[in-house]
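Engineer: Give the three-dimensional model of this entry:
(2 chains)
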2 protein chains.
Amino acid sequence: MTITQIYLQDNFLLENPLSFDDIKPRLLGHWGTCPGINFVYANLNYLIKKHKIDMLFVLGPGHGFPGLQANLFLEGTLQKYYKEATVDEKGLAYISKNFSWPYGFPSHSNPGTPGVILEGGELGYSLSTAYGSVLDNPDLISACLVGDGEAETGPMAGSWHLNKLIDPKNDGAVLPILHVNGYKISGPTIFGRMTNRELKSLFYGYGYAPIIVEGHSDKVYKKMVDVLEKAHQSIRATQEKARSGKDGAVPRWPMIILKTPKGWTGIKSLHGEKIEGNCLSHQVVGTSAKTSKVELKAVEKWMRSYKFNEIFDKNSGLAKDILDIIPEDEYKMGQNKHAFGAFSYKPLLLPDIKSLAINFDIANPGTVFASSMKKVGRCLKEIFDLNKENKNFRLMSPDETYSNKLDEVFTSTKRVFALPLKKWDKDLSSSGRVMEMLSEHNLQGLAQGYILTGRHAIFASYEAFVQIVSSMADQYAKFLKHMREIHWRGEVASLNYILTSPGWRQDHNGFSHQNPGFISNMLEKHGCFVHVYFPSDANSALAVLEKCLKSKNEINIIAAGKTDEPQWLTLDQAQKELEKGLSVWDFASDENPDIVISAVGDYLVKEALSAIDILRKIVPEIRIRFVNIIELTAAGFSEGECKVPFMDFEKYFTKDKPVIFNFYGYPETFKQVLFGEKNQERFLVHGYTESGSTTTPFDMQLRNNTSRWHLVIEALGLMGERGLVSADKAEKLMAQYKDKIIKHKDYIIKYGVDPEEITNWQWQKNF
Amino acid sequence: MTITQIYLQDNFLLENPLSFDDIKPRLLGHWGTCPGINFVYANLNYLIKKHKIDMLFVLGPGHGFPGLQANLFLEGTLQKYYKEATVDEKGLAYISKNFSWPYGFPSHSNPGTPGVILEGGELGYSLSTAYGSVLDNPDLISACLVGDGEAETGPMAGSWHLNKLIDPKNDGAVLPILHVNGYKISGPTIFGRMTNRELKSLFYGYGYAPIIVEGHSDKVYKKMVDVLEKAHQSIRATQEKARSGKDGAVPRWPMIILKTPKGWTGIKSLHGEKIEGNCLSHQVVGTSAKTSKVELKAVEKWMRSYKFNEIFDKNSGLAKDILDIIPEDEYKMGQNKHAFGAFSYKPLLLPDIKSLAINFDIANPGTVFASSMKKVGRCLKEIFDLNKENKNFRLMSPDETYSNKLDEVFTSTKRVFALPLKKWDKDLSSSGRVMEMLSEHNLQGLAQGYILTGRHAIFASYEAFVQIVSSMADQYAKFLKHMREIHWRGEVASLNYILTSPGWRQDHNGFSHQNPGFISNMLEKHGCFVHVYFPSDANSALAVLEKCLKSKNEINIIAAGKTDEPQWLTLDQAQKELEKGLSVWDFASDENPDIVISAVGDYLVKEALSAIDILRKIVPEIRIRFVNIIELTAAGFSEGECKVPFMDFEKYFTKDKPVIFNFYGYPETFKQVLFGEKNQERFLVHGYTESGSTTTPFDMQLRNNTSRWHLVIEALGLMGERGLVSADKAEKLMAQYKDKIIKHKDYIIKYGVDPEEITNWQWQKNF
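Structural biologist: Sure thing, here's the model as predicted:
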């Protein structure tokens, strides 16, 4: 079954001698890891059937897809989603022919596979995803098959520690099965050559009770049955102890180290080279089977060795002893309800954000100060309160909940920590709902596993360090993109990121803590489901947060600072702006402008408005419009099939007036958004240009040419060129502001802080 | 010293009672980890002095910079690079005042710090960098201080396994010191709450001989001296055994687990809260010391507790017992020669690439086929041969040397593997120069450590999975950007990436194996030192490779496929093209073109030329120019201070003719490059739009609209609009090619492969 998918386009039951015509023209697939997958899957089925276990299967080596798909076919799961995959000769032909075939089944496990919650390409994320799936699912056991190649990756090595964030009382359990078949594509694995003592020692050190199952004789079958039984008992014992209130000790969860040969039961040797138990069994064995008689014969002999005709009959179907170990539908791993997040999805109960809004005199914007993150923290606290019963919300944060000023959540819940606590520890508990660990990889994996099993999560991070998971986020975006096309997948909550402590305010930590690259990266994803929001103040942050938490099947990024900053919009205004993605701010705009100044993101908005404030005073003769942009989608301004915010570019940015953009991230990212707009010479784009390290907040703006003074100088230059300000006046004023820039450096070198002129700036109501 | 940097702007020797005026206006810095750093640094100095050890210090928690800088100051290293940092009162004032001060010293360790080879912000990469530094430096010991926060990261968790890639015969040793102070910013660390048995078990499992040094009484000083002595002896014993030929056993290197309280020797408690031995000592303790009398007093008492006047006198300087443990200059860790890569840098000996070039009849381009990667592999093999004596070249590859068709290197060297070998293992040896491990993070760290200590490395990866290290590459780019401004750093080799097995040929692995995001990411880096090359054929690949390996202080990315593809340029032509970054290909171009077709990257070039081939036949009346782009820099086409390839945009792309670009990566990335060019409506950009999974190679082009047929349709449309082809004819022809696109799908669903019309296409010499 597994191998018919890799090799055959005909003669699937081997009713005739195998011929070249039966072999696919391109042989694509991975054999070596499959026998282990089949072995584990069958043994888990036996266990499930015996104990009626609610079990999910997370497959790390997604290239072992032929193995997984064979099992899903045999257990009858596949035909529920692919009607042609009936458990008979025709179905067998269908899945074999269509495996790794254009417009057929991909070669790796993927969202089109029932029961799968992990993109099957990039390795290293299976265990953290499995851990995410069992949070708040007390009866669930997620069996996670980790490959020994995958085990070499950093993210996997770090994720073994996630046992310390599991609460045996309220969470389910992960049963990790490290499959050591000893080889990668072209050589031995590290885990394959470590001693058994080292393996056991390593996983004891990680906090597990490791059990080794080893061999390739018949004994290994018996051993695996026993070990799984023991592991299951151990899991249930730990849970019962915790749930009956008799806990106290740190749980020691079982994990299994399964050592079986790579390409087990396959071709032993070919052309004098060792195949089984060697890396040469990794992909297709006998790549020339379509043209070489020797290889064709070897493949045929191998296929016939399974005596498939004894377990499958054309007329009567599968043999009874196979059918006997297949669990009832409800318990089939391919049909585990948790893997279909849409079924357990419940909308998050949200507070009335009006009650949280900052109210100020609408005639006096920019005079009240607040922190977007403190407000978000308050809102998250209320969400934790409201959803206490539903237990379907988690906050992921790499040791930064306090630092990101979201700590009001701790008045509702705690950080989970299963290791011993000290009396001076704060906001920690064995059953908290905030996941803190200094591993962005782990948190991303937890979030993915939690969301794809129907729950809600927010990942809050320092802006710079979320880039650590950019590749994971890419893979998740792929999963989502594919999943959105599969009707039976339904909808799950969006993955919402909060990117705060941004580079603009890393004046204390310096250059290493600046990086808006994640925004750039996500804005290149194709499709309509990636949104980046740049709330300009706390009310906007609330409006955005609510929108994101209500949305489904998307990736949303909220980029905003944590410091106290001026408040510009009422909640009502913010919500209205959010509908379009941008708006003209009337309080800072003239009719029929000579120039448009536009900004994206809180600190940049402040500089832009300060610049307008200055320009109003020094060149009252010019007419200015301010456009705030709160949302960018992957589709940018004006193309793609999605609802895009910039429906009417010229309505906001005029036909021909100069526009100065002050952008939160790399200017290049914004430039790509402007592609194709006419009359490009009128656009000037400022943004983060990687300047400035440990310095003052305003100096960060100065060094990146995004400061109010830079915008003033630029606007003066443009207005001078166009004759709207006399050349003489423009020049004189520009010189003044250039001088200010130089003097500012002297000032901060002397005093270490920005002058009050800057820090106390407030928007003036009347001009 | 450590704390004067964090707190004081005056009264550095505490000659007067501490006053509010003495305290800096903004208190920025991290205290908690510093005492451990000081403790380790002093103890290592003692060991170095005793044994005259060639030792480099790699500091993981770069936020502990006040501790490191204090030591560099005291040992007199700092004043060699910062002349005002004299070891006297004035120097003390200078470094204290300037720490974490605008335009002074950053708050984290950084390239401006002598002896530092690691950007000090993002955590997790210290150990892999340290391992990179000791390769081929047999006498060097790199002491690597790993924080227990950092230890939670995936990359760090994976890097402990790098002991398996160390050859005791030819490499030096890393001495990891895991500093368990028990706390992160706002809570306990995982390692701080694991049992000692678990800690020892974990690191035994990783293959080390762990030794725990614990406590905060005086005994811990004595213990550390003894343990370091023992560890040193153990390292030397392992090395001597291997070097005298008595090896055989897998080495078990020592590592130290140092458990001392966070904020050790600092303020015990403040406002009733535990500070020492708690997370509250992480950053500044007493943040209101400038305004609160209570806090000021506490800080003063703390500062005076060190009796700094007993170890430092205004007139006579440092006390003798401090001076006694400071090693001679040659042995000071801050002056370790390896940390100044420029001093040990030797240019790589390169083969005459002419001897490797593919020669073909220049009148017949596109008729000879070759694999760029096989050619690169051949060249790398020769480089290994040529530099056998110098031992200064390594290839990093995550288990993909074979898969990327670079395996000819194995005729010169092997993959290093320190674990036991089996008789069927191939191309593995305890002393190979190819580093294979399924961890991109580890390889990136190794490459950084190796290069910054003056050697050469290439990192070859599947294009999609290099994105895993995008954040590491960002941090390295930051290090480089800053380092390039520091004159005493000098120049080291560039970090050269080969990105192959690109998404365009992941027709077998599918969607999960496609991702050109790394290219996009690196093209946003600001500065002149990031180049992305897209060689169109094997000769171009050779020319690019040579250029990259000769360059210094840069990051170069070579993006090219591994399959056999048509060859377009002679080596000479390729080298000439490389000078400008682009060229018009005369053999495919007419004078005074009506339309320009331009491509970036091998597979896209092939489609573009095929389109031209078709257009020539079906609409011979239109005049076409083909422009190949081989290089993009971070500065794009036309801005920035760097030499940019596109000096004269209109010379290549005309003033007003339509230009169709066929780009290797995301079209958005190319769009940002076109920003500001006039008359944008004439540009049409094609590229990877995330379409296509497991399918045929040509279908990947079709699904991303980059195929020859799509380009033909688009060109016909444009020419029709402009009246250069009759509307009727254009329409009819376009319909034909649209039909071909539809029929192709049916064909591949039926046969599983592209039709011969596509796979056998060759450029026709004459029209």
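
Engineer: Please, which helix or strand holds the residue nearest to the spatial centre of chain A?
Structural biologist: Centroid check for chain A by Cα atoms, centre = their mean gives residue A:473 as the closest residue, at 3.8 Å. Residue A:473 is part of helix A:470-483 when elements are defined by DSSP states H and E.

Engineer: Output the contacting helices and strands for that helix.
Structural biologist: The helices and strands touching helix A:470-483, judged by 3 or more Cβ pairs under 8 Å, 6 or more residues apart in numbering or on different chains; DSSP states H and E, are helix A:440-452, helix A:517-522, strand A:555-559, helix B:470-483, helix B:517-522. Glycine gets a C-beta too; all of them are placed from N, C-alpha and C.

Engineer: go with 10 Å
Structural biologist: Identification of packing neighbours for helix A:470-483 by 3 or more Cβ pairs under 10 Å, 6 or more residues apart in numbering or on different chains; DSSP states H and E yields helix A:126-134, helix A:440-452, strand A:495-500, helix A:517-522, strand A:530-533, strand A:555-559, helix B:470-483, helix B:517-522.

Engineer: and the angle for the longest one with strand B:495-500?
Structural biologist: Regarding helix B:470-483 and strand B:495-500, their directions subtend 150 degrees when assessed with axes from the mean of the first three to the mean of the last three Cα atoms, to 10 degrees.

Engineer: what about residue A:123, neighbour count?
Structural biologist: Neighbour count for residue A:123, taken as other Cβ atoms under 10 Å in any protein chain shown: 24.

Engineer: pLDDT at it, what is it?
Structural biologist: pLDDT for residue A:123: 96.

Engineer: how much space between the residue nearest to it when sequence neighbours are not counted and residue B:23?
Structural biologist: In this structure, residue A:123 finds its nearest non-sequential neighbour in residue A:150, 4.0 Å apart by Cβ to Cβ, 6 or more residues apart in numbering or on different chains. The spacing between residue A:150 and residue B:23, counted by Cβ to Cβ, to the nearest Å, is 51 Å.

Engineer: Of the two, give the one with the bigger neighbour count.
Structural biologist: Counted by other Cβ under 10 Å, residue A:150 and residue B:23 do not tie: residue A:150 has more neighbours, with 27 against 23.

Engineer: Would you agree that one is in contact with residue A:120?
Structural biologist: No. Taking contacts as Cβ atoms under 10 Å, residue A:150 lies outside contact range of residue A:120: 11.1 Å.

Engineer: overlap in contacts of the two?
Structural biologist: A:60-62, A:126 (Cβ atoms under 10 Å, 6 or more residues apart in numbering or on different chains).

Engineer: Let's see if you can find the most crowded of those.
Structural biologist: Counting neighbours by other Cβ under 10 Å, residue A:60 leads the shared contacts of residue A:150 and residue A:120 with 32 neighbours.

Engineer: Tell me the spacing between the residue nearest to that residue when sequence neighbours are not counted and chain B.
Structural biologist: In this structure, residue A:60 finds its nearest non-sequential neighbour in residue A:126, 3.5 Å apart by Cβ to Cβ, 6+ apart. When distance is defined by Cβ to the nearest Cβ, to the nearest Å, residue A:126 is 13 Å away from chain B.

Engineer: now swap in residue A:596 and tell me
Structural biologist: Taking Cβ to the nearest Cβ, one finds residue A:596 at 17 Å from chain B.

Engineer: Surely that residue is within a helix?
Structural biologist: No. Assignment of residue A:596 by DSSP: H, G, I helix; E, B strand; the rest coil gives strand, placing it outside any helix.

Engineer: neighbours of the spatially closest residue to residue A:532 that is not a sequence neighbour, just the number please.
Structural biologist: Spatial nearest neighbour of residue A:532, chain neighbours left out: residue A:557 (4.5 Å); criterion: Cβ to Cβ, 6+ apart. Using other Cβ under 10 Å, residue A:557 is surrounded by 25 other residues.

Engineer: cool, residue A:744 as well?
Structural biologist: Using other Cβ under 10 Å, residue A:744 has 21 neighbouring residues.

Engineer: If I follow the layout properly, it ends up in contact with residue A:708?
Structural biologist: No. Counting by Cβ under 10 Å, residue A:708 is not a contact partner of residue A:744; they are 11.4 Å apart.

Engineer: Find residues that contact each of the two.
Structural biologist: Joint contacts of residue A:744 and residue A:708 (Cβ under 10 Å, 6+ apart) are A:698, A:702, A:758.

Engineer: and the gap between the nearest residue to the second one once chain neighbours are set aside and residue A:703?
Structural biologist: Closest residue in space to residue A:702, ignoring its immediate chain neighbours: residue A:741 at 6.0 Å, by Cβ to Cβ, 6+ apart. To residue A:703, residue A:741 is 10 Å away according to Cβ to Cβ.
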